[in-house]
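A.B. asks: I'd like to go over a predicted model; first the sequence, then the structure.
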Amino acid sequence: MKPIERTFQEFIDAIQTASDETEFERVATRFTQRLGFRWFAYLRLIDDAPTLISSYPKSWTGRYLDLDYQRLDPVVRRARLEHGVFSWGGGIQRPTGTREQRRFFDEAMTFGISSGITVPIRGGFGRMAAFTLATDEPIAQAERLLLNARDVVLLAGLYFHTHATTRRVGSSESPAKPSILTQRERQCLAWAAQGKTVADTAILVGIAPRTVVFHLENSRRKLDAASIAQCVAEALRRGLLP
């Protein structure tokens, strides 16, 4: 398996058990950095109301949302019109438009956001989303990745969007979740169901191995199982795992 394919497979595996904004951000950040980029951003617009999950500097995302910059953002405007993955950034492909739009892009560059790749995602009734990988490097780096890994970036964006919307990440309304197991307990059991070791699960979830053991043992007691294997089987039977 090629390194980029391995990176994508790990991303798919990890996104399966992510269930809140922090975990979605962690999974996407790891994927982004392994591809050689610095930040990611996922923006979803419903009736022009934004939901943003990103690893951009908080000072930038706070300003972006406070000033409704999604209305000016040249990348978002382009994502509304295009269907395929595209690169953007400085040089000859620097976004043009109104003075306010050019000023927006100049301001983004003061935070180091220079170029990137964006996956436009269309929804019904005017809804849209965009999944972006960004860097402080010249646009040539974005274009190289677009040339070599267009399908991987496209699929990653679609996977992220599908799981984020299914779990209503960033929404004020949360889907009903099984209360018998905590989020971490379900995550650790889900990886155990995939045959992952305690050490593997610790890396994938981002916690210490002893914490993985703690959550697995709590799950076993809650489901009255004699072993972790029986616990996994019982959790699957009850529909408690993603």
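C.D. replies: Arrived safely.
A.B. asks: strands paired with whatever helix or strand residue 44 lives in, and their directions?
C.D. replies: Residue 44 belongs to strand 39-46 when assigned by DSSP states H and E. Applying DSSP bridges, strand 39-46 is found paired with strand 49-54 (antiparallel), strand 128-135 (antiparallel).
A.B. asks: now the longest helix that the chain contains: how far from the chain's centre is it?
C.D. replies: Counting by DSSP state H, the longest helix found in the chain is helix 139-166. What separates the centre of helix 139-166 from the centre of its chain is 11 Å, taken as C-alpha atoms, centre = their mean, to the nearest Å.
A.B. asks: show me the contacts for the residue nearest the centre of the chain.
C.D. replies: Residue closest to the mean C-alpha point of the chain, counted by C-alpha atoms, centre = their mean, is residue 28 at 3.9 Å. Neighbouring residues of residue 28 by C-beta atoms under 8 Å, 6 or more residues apart in numbering: 11, 40, 42, 53, 55, 160. Every C-beta, even on glycine, is put in place using the N, C-alpha and C of the backbone.
A.B. asks: kindly report the same for residue 215.
C.D. replies: Per C-beta under 8 Å, 6+ apart, neighbours of residue 215: 182, 184, 185, 187, 188, 189.
A.B. asks: reformat the strands paired with strand 39-46 as TSV; add mean neighbour count and distance to residue 107.
C.D. replies: Formatted as TSV, the strands paired with strand 39-46 follow (neighbours: other C-beta atoms under 10 Å; distance: least, C-beta to C-beta, whole Å):
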stretch	mean neighbour count	distance to residue 107
strand 49-54	17	16
strand 128-135	23	14
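A.B. asks: any chance of these in CSV, plus distance to residue 121 and mean pLDDT?
C.D. replies: CSV is the format used below for the strands paired with strand 39-46 (distance: least, C-beta to C-beta, whole Å; pLDDT from 0 to 100):
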stretch, distance to residue 121, mean pLDDT
strand 49-54, 13, 94
strand 128-135, 4, 96
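A.B. asks: just give me how far stretch 74-89 sits from the chain centre.
C.D. replies: 18 Å.
A.B. asks: residues of that stretch that come out buried?
C.D. replies: 74, 75, 76, 78, 79, 85, 86, 87, 88, 89 (16 or more other C-beta atoms under 10 Å).
A.B. asks: so for residue 168, which of the strands paired with strand 39-46 sits nearest?
C.D. replies: Closest to residue 168 of those is strand 49-54 (C-beta to C-beta; 9.5 Å).
A.B. asks: what comes into contact with that closest one?
C.D. replies: Residues from elsewhere that reach strand 49-54, judged by C-beta under 8 Å, 6+ apart: 21, 24-25, 28, 39-45, 61, 64-65, 68, 70, 164, 169-171.
A.B. asks: returning to that earlier point: who are the packing partners of the longest helix of the chain?
C.D. replies: Judged by 3 or more C-beta pairs under 8 Å, 6 or more residues apart in numbering; DSSP states H and E, the packing partners of helix 139-166 are helix 3-15, helix 21-34, strand 39-46, strand 86-89, strand 115-122, strand 128-135.
A.B. asks: hang on, the earlier thing: now the strand holding residue 44: average pLDDT?
C.D. replies: Mean pLDDT, strand 39-46: 95.
A.B. asks: so where's the chain shaky on pLDDT?
C.D. replies: 1, 90-97, 170-179 (pLDDT under 70).
A.B. asks: mind giving me the domain ranges of it?
C.D. replies: 3-166, 183-237 (automatic domain parsing).
A.B. asks: quick one: distance of the strand holding residue 44 to the chain centre.
C.D. replies: Chain-centre distance of strand 39-46: 9 Å, with C-alpha atoms, centre = their mean.
A.B. asks: can you check what angle separates that strand from helix 21-34?
C.D. replies: Calculated by axes from the mean of the first three to the mean of the last three C-alpha atoms, to 10 degrees, strand 39-46 forms an angle of 130 degrees with helix 21-34.
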